[in-house]
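Novice: pasting the structure only:
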């Protein structure tokens, strides 16, 4: 596939995912007030990166995308939304803005934000379970997903993050927490694609290698956004990590070092996908361009 | 089965569940600090009512209980624990004591309590998914479970509860929120038993009717505990509902009215189970005795 078809894929399926999310929240949340709280965060403009990676993996495996796959994709997205809502809470990172608008607890209060996260986490897994797909594959995918976001995955990463903020932690701990917080769900999305796309062992290995490199690249990207973009550009507060005493890739290796490693990872991802058409999945590395090319905003 | 075998069942499987929870938290949570936070709440003394109801349903259906069923039971219990931890948070009911000890946020701080709840919810579903049982039955059970605890179930109930506290809400709303908060997970536990126990349609209907009556009875029981027990007896603050401006069964119908309705429900449950041995499931109604017999502690 050419990079033109990557753009086509992104445009088509971003819309498909957003349409699904809109109608599913209406169809599947009976309480109007709760629906308002959930819709506010879920439909805020986002890249839909994780559900798109899931669907793109299916495309690379030559699998036709159905409404049932879109349901799973929607589930992955609202689980990501849950993690943002809970991470932003006053007891956690205490953020006022997210995706260019007030955070859930700023808009609806803390109790509603906690419950909104709980509801989205539960419903995200439920959407995978109600998808009309092969039962054994649903179970396998749901295991991968709940492993990735559980105490040894995403939640565990946030737990270490809270504990290590403003304390002197070693590099290994930082790498571990960033991997758990960010990479685990990205890798799970691709793994779920290999399950429903019935990848053979070698294909699955290569695609998971790509996802792992992408996950690491995305962490570096996110840390670079924190120092190279203004809050308006990023849709959330920036330059927070250093201020909050948080260690990340950029505070350790500098902007130049981070950019160099990110460039190397992009090259690595090209190699990971050499046995595939690769156009659609590789196209996701385009999002890193802005932090590789932009000038640093402050001297 | 006689009521003696009910006692035997409870003693045996309370221990089995507790043993499983203990070893599973060690085996399945790698971060030691997070494990400490989770273990504190999960292993606090509890009735293990929901997992026991699940296992008892299997017994009524003549199904032999295996380690894989115990895994599912453990998952149900830690999901209940998650709901207690989040309900107790300062932004919610702001409770200091639960199960006779400090609440999770009082002991470990708010951030850790929120994350502990998130971890237990995710891991509870995961334990069901990793149980080595028939895939189609696992998917069906996981659907039932996530429906029961999602936005139209338990979380939805807590949402309505928060919104309606100190406001003038109608009886239907109160009934709806109590049903969602308490009965839904109880009913789901029995439904999951009917799925893995391969109940036929009629059996499933009768057992779910029992569970629904039990769920309603348990709400009335819980409201009676709030006024008839001291905080030490209950292991948590009592007389909170009236003080917090919360409407419940007892504030509406009085203690005598609540006791009368609870007695009628126990009789109804006897009828629900007339086609079954019934000894094990019906034995669960024993827990209601203390609020039916005790004198009111204050005049």
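Specialist: That came through fine. Model, not experiment: these values are computed from the prediction.

Novice: mind listing the helices in the stretch 101-250 of chain A by residue range?
Specialist: Assigned by DSSP state H, counting those that start in this stretch, the helices in the stretch 101-250 of chain A fall at A:104-108, A:110-130, A:135-149, A:154-164, A:171-178, A:184-196, A:201-228, A:231-234, A:240-243, A:249-272.

Novice: tell me which residues in the first one are buried?
Specialist: Counting neighbours by 16 or more other C-beta atoms under 10 Å in any protein chain shown, one finds that the buried residues in helix A:104-108 are A:104, A:105, A:106, A:108. (Glycine included, C-beta is placed from N, CA and C.)

Novice: didn't residue A:84 look like it was pressed against residue A:95?
Specialist: No. The pair residue A:84 / residue A:95 is not scored as a contact, 9.0 Å apart, by C-beta atoms under 8 Å.

Novice: Could you list the contact residues of the stretch 101-250 of chain A toward chain B?
Specialist: Residues of the stretch 101-250 of chain A lying close to chain B (C-beta under 8 Å from any C-beta of the partner chain) are A:109-112, A:114-115, A:117-119, A:121-123, A:125-126, A:129-130, A:135-136, A:138-139, A:142-143, A:146-147, A:149-152, A:155-156, A:158-160, A:162-163.

Novice: Now which of these would you call buried?
Specialist: For these, buried by 16+ other C-beta under 10 Å: A:110-112, A:114-115, A:117-119, A:121-123, A:125-126, A:129-130, A:138-139, A:142-143, A:146-147, A:149-152, A:155-156, A:158-160, A:162-163.

Novice: How about residue A:126: what's its closest non-neighbour residue?
Specialist: residue B:146 (3.8 Å; C-beta to C-beta, 6 or more residues apart in numbering or on different chains).

Novice: Can you give me the pLDDT of the one you found?
Specialist: Residue B:146 is assigned a predicted lDDT (pLDDT) of 98.

Novice: The one 5 residues further on now?
Specialist: With respect to pLDDT, residue B:151 scores 98.

Novice: The spatially closest residue to it that is not a sequence neighbour and residue B:155, how far apart?
Specialist: Among residues not flanking residue B:151 along the chain, residue A:119 sits closest, at 4.2 Å (C-beta to C-beta, 6+ apart). Distance of residue A:119 to residue B:155, computed by C-beta to C-beta, to the nearest Å: 5 Å.

Novice: now swap in residue A:108 and tell me
Specialist: 14 Å.

Novice: cool, and residue A:222?
Specialist: Applying C-beta to C-beta to residue A:222 and residue B:155 gives a distance of 29 Å.

Novice: could you dump the buried residues of helix A:104-108 to TSV with distance to residue B:70 and pLDDT?
Specialist: Listed next are the buried residues of helix A:104-108 as TSV, based on distance: C-beta to C-beta, whole Å; pLDDT from 0 to 100:
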residue	distance to residue B:70	pLDDT
A:104	37	98
A:105	38	98
A:106	43	98
A:108	39	97
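
Novice: Just the closest of the residues you listed to residue A:285, please.
Specialist: residue A:104 (30.7 Å; C-beta to C-beta).

Novice: That closest one contacts residue A:115, correct?
Specialist: No. Counting by C-beta under 8 Å, residue A:115 is not a contact partner of residue A:104; they are 9.8 Å apart.

Novice: and for the two, which residues touch both?
Specialist: residue A:37 (C-beta atoms under 8 Å, 6 or more residues apart in numbering or on different chains).

Novice: Any idea which residue is closest to the centre of chain A?
Specialist: What sits nearest the mean C-alpha location of chain A, by C-alpha atoms, centre = their mean, is residue A:50, with 4.7 Å.

Novice: which SSE is it in?
Specialist: Secondary structure from DSSP states H and E places residue A:50 in helix A:49-60.

Novice: List the contacts of residue A:14.
Specialist: A:48, A:52.

Novice: and it, that one's in a strand?
Specialist: No. Assigned with DSSP: H, G, I helix; E, B strand; the rest coil, residue A:14 falls outside any strand and is helix.

Novice: Can you tell me how far it is from residue A:53?
Specialist: According to C-beta to C-beta, residue A:14 stands 12 Å off from residue A:53.

Novice: With residue A:278 instead?
Specialist: Taken as C-beta to C-beta, the span from residue A:278 to residue A:53 is 14 Å.

Novice: So the two - more neighbours on which side?
Specialist: Legend: neighbour count by other C-beta atoms under 10 Å in any protein chain shown for residue A:278 and residue A:53, higher for residue A:53 (27 against 17).

Novice: ok, how many other residues are close to the residue nearest to the more buried one when sequence neighbours are not counted?
Specialist: Of all residues not flanking residue A:53 in the chain, residue A:189 sits nearest, at 4.7 Å (C-beta to C-beta, 6+ apart). By other C-beta under 10 Å, the residues close to residue A:189 number 30.

Novice: my guess is residue A:189 contacts residue A:56, does it?
Specialist: No. Assessed by C-beta under 8 Å, residue A:189 is found out of contact with residue A:56, at 9.3 Å.

Novice: Contacts only, for the residue nearest to residue A:126.
Specialist: A:122, A:123, A:125, A:126, A:129, B:125.

Novice: separation between it and residue B:137?
Specialist: 15 Å.

Novice: and what of residue A:168?
Specialist: 50 Å.

Novice: Please apply the same query to residue A:28.
Specialist: For residue A:28, the distance to residue B:137 - C-beta to C-beta - is 23 Å.

Novice: and what of residue A:66?
Specialist: Plainly put, residue A:66 is 24 Å away from residue B:137 if you go by C-beta to C-beta.

Novice: cool, and residue A:263?
Specialist: 49 Å.

Novice: Residue A:158 too?
Specialist: Taking C-beta to C-beta, one finds residue A:158 at 33 Å from residue B:137.

Novice: Likewise for residue A:69?
Specialist: As judged by C-beta to C-beta, residue A:69 and residue B:137 stand 23 Å apart.

Novice: and these two? which has more neighbours close in?
Specialist: residue A:69 (23 against 16).

Novice: per-residue confidence for that one?
Specialist: Reported pLDDT for residue A:69: 98.

Novice: Then residue A:293?
Specialist: Residue A:293 is given a pLDDT of 76.

Novice: swap in the one 4 residues further on?
Specialist: The per-residue pLDDT reported for residue A:297 equals 50.

Novice: what's the answer for residue A:253, then?
Specialist: 85.

Novice: shouldn't it be in contact with residue A:227?
Specialist: No. Between residue A:253 and residue A:227 there is no contact under C-beta under 8 Å: 11.9 Å.

Novice: What part of chain A, helix or strand, is modelled with the least confidence?
Specialist: helix A:240-243 (a mean of 68; mean pLDDT, DSSP states H and E).

Novice: All good on my end, thank you.
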